[in-house]
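A.B. asks: what follows is a protein structure lacking sequence information:
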């Protein structure tokens, strides 16, 4: 799916997108709704651009964290021969975990629960 960066108009904030963002997430998209520094009269294009770049960079850091969580959970599932249940995540985040472990022959993954509380379970492949 896609990542949408939602940028509000002058004099507003990310709340402006409070109806749009959940709808996009429910369709499996990643959404970043940024708060621009509108209250800072000295902020210019450079400062606005920095806010957007930092917000998008958060997604890269979150992806790296989820991939590390996936690897740690796989190691734990195989070591303990038991299922490891992760915290509820968005569809995009769950997909990152599934993709990170899809080529690991020692584990299987599954999504369980109902939205908005669906979560990933990491299981040892040998039972």
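C.D. replies: Sure thing, it's come through. Here the structure is a predicted model, which means the values were calculated and not measured.

A.B. asks: which residues of this structure fall in strands?
C.D. replies: Taking DSSP state E as the criterion, the chain carries its strands at 3-6, 30-33, 84-85, 107-112, 119-124.

A.B. asks: sheet-wise, list the partners of the shortest one with their directions.
C.D. replies: Translated: strand 84-85. Its sheet considered, strand 84-85 pairs with strand 119-124 (antiparallel) by DSSP bridges.

A.B. asks: list the contacts of the partner strand.
C.D. replies: Strand 119-124 is contacted from outside by 70, 73-74, 76-78, 81-89, 94, 97-98, 101, 106-113, using C-beta atoms under 8 Å, 6 or more residues apart in numbering. Bear in mind the C-beta positions are built from the backbone N, C-alpha and C, glycine included.

A.B. asks: rewinding a little: dump the strands of the chain to JSON lines, plus mean pLDDT.
C.D. replies: JSON lines is the format used below for the strands of the chain (pLDDT from 0 to 100):
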{"stretch": "strand 3-6", "mean pLDDT": "88"}
{"stretch": "strand 30-33", "mean pLDDT": "88"}
{"stretch": "strand 84-85", "mean pLDDT": "98"}
{"stretch": "strand 107-112", "mean pLDDT": "98"}
{"stretch": "strand 119-124", "mean pLDDT": "98"}
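
A.B. asks: buried residues in the longest helix along the chain?
C.D. replies: Determined from DSSP state H, the single longest helix within the chain is helix 45-80. Residues of helix 45-80 classed as buried: 48, 55, 63, 66, 69, 70, 71, 73, 74, 77, 78 (neighbour count, 16 or more other C-beta atoms under 10 Å).
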